[in-house]
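*Asks:* Structure, please.
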Amino acid sequence: MPRTLSLRVNYALRHRNIVILLPYFDLRVIRSTPGRCGQSTLFAVAPVVVSPRQPLRSHRSRSPEFYGFVAWTSTSLLFVVYVLWALLPDEYIRRLGIIWYPNREWAVLLPAYSVMIVLLTYFTYFSLALANTPAFSDPMAFIDAKAHIPALDGPDPYRRSQDPNAVPEPYDIPIGIVNRALYSPGKRRE
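*Replies:* Numbers count the residues shown, from 1 in each chain. So this is what the prediction gives:
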């Protein structure tokens, strides 16, 4: 019966037992015979490699890599052209063969307009969120359309659940009952 050996090197001159174990291997004894002094002599050892499972290879498109490279290259090139247009004197630009180009004041106006558009976008979304938020006195501030509240004209489901054998139905607890239970003047919490 094969046995798993522990990770150790055993060398004895008298018995001439030499076992070399490699890391990350699970060694199984194939054949052993009893030797002198109750020790066993190993004739063969079979390594069983324990390796991580290989993931399944799937075909994936390399187009996102190319799109990313084109976007990064074009953005870098446009930034360099923008900086050269903003900082180079007119003589150097004309020597490059460019006859017409926008006025230099746009080098300052474009970043300023961009920053203002971003700030205006944040302000607009914040304002819309405030405009759509109900008042604190409105029940819609803490109850939404998905709330499961029992009918007012039916029997009280909260009293029905006091029976020890009853399984209570799932209802949302109204805020008035929660406030009475938590903040009633007769009960003091410590």
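
*Asks:* can you give me phi and psi for Trp72?
*Replies:* Main-chain torsions, Trp72, degrees, to the nearest 10: phi -60, psi -40.

*Asks:* I'd like to know how many residues surround it.
*Replies:* 10 (other Cβ atoms under 10 Å). (Glycine included, C-beta is placed from N, CA and C.)

*Asks:* do you know how far it is from Ser63?
*Replies:* 15 Å (Cβ to Cβ, to the nearest Å).

*Asks:* now swap in Ala86 and tell me
*Replies:* For Ala86, the distance to Ser63 - Cβ to Cβ - is 34 Å.

*Asks:* Kindly report the same for Pro170.
*Replies:* Pro170 is 49 Å from Ser63, by Cβ to Cβ.

*Asks:* And stretch 131-138, what's buried?
*Replies:* Buried residues in stretch 131-138, counting neighbours by 16 or more other Cβ atoms under 10 Å, are absent.

*Asks:* contacting residues around that stretch?
*Replies:* Here stretch 131-138 makes contact (Cβ atoms under 8 Å, 6 or more residues apart in numbering) with 140-141.

*Asks:* picking up where we left off before, Ala86 and Ser63: which is more packed in?
*Replies:* Between Ala86 and Ser63, Ala86 has the larger neighbour count (other Cβ under 10 Å), namely 13 against 8.

*Asks:* so the more buried one sits right up against Glu105, yeah?
*Replies:* No - with contact defined as Cβ atoms under 8 Å, Ala86 and Glu105 do not form a contacting pair (10.3 Å).

*Asks:* pLDDT weak spots in this structure?
*Replies:* 1-57, 158, 160-161, 187-190 (pLDDT under 70).
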